[in-house]
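Participant: can you look at this prediction? I've put the sequence above it.
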Amino acid sequence: MRRESQESAELQIFHLLRAVTVEYGLRQAEFAARNGMHPTDVRALICLLDAERAGRDATAGMLGAQLGLNSAGTTAVIDRLERLGHIARVRDPRDRRRVLLTVEEGAKELGRAHFGPLIDGTVELLRGFGDREREAVRRFLLGVGKVLADTGDGA
């Protein structure tokens, strides 16, 4: 009997999710290498884009907390991304003492060129699902995200 058939459906799904995350990580590493970035730089860009999509201000403190970096490490990431022309530091128009981080259009275009086919293919795949199926996928991914957050240190 094959081992796969001995695993529960839940474990099979977990292993599929792991395989997808590994493959996605490889795509991120490819993108970083092709564009002279460190993998942490790509994670930083993703954090900044997520904040922008959510309408949240992106600050160095927020970025460092999301990446799990100290102040010096966060500054190094920001400096690298700014030097590459991927982000800009801008004064907060509501509080000129505060500096916000924004992703430059060129960086978004670079990301779209690399990840666009993956995004488009995934959206197309999801369009083939019914509303209830999409909601189940959404609930599952949010739940996995919470499990990851709750087990943060790999425990």
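Facilitator: Nice, I can see it.
Participant: buried sites along the host helix or strand of residue 102?
Facilitator: Using DSSP states H and E, residue 102 maps to strand 95-103. Buried residues in strand 95-103, defined by neighbour count with 16 or more other C-beta atoms under 10 Å: 100-101, 103. All C-beta atoms are positioned from the backbone trio N, CA, C, and that covers glycine.
Participant: the residue nearest to the spatial centre of the chain in helix, strand or coil?
Facilitator: Closest to where the C-alpha atoms of the chain average out (C-alpha atoms, centre = their mean) is residue 46, at 4.2 Å. Using DSSP: H, G, I helix; E, B strand; the rest coil, the three-state assignment for residue 46 comes out as helix.
Participant: tell me the helix or strand right after the helix or strand bottoming out on mean pLDDT in the chain.
Facilitator: Every helix and strand in the chain was compared by mean pLDDT, DSSP states H and E; the lowest is helix 3-6, with a mean of 64. Next in sequence after helix 3-6, counting helices and strands by DSSP H and E, comes helix 9-34.
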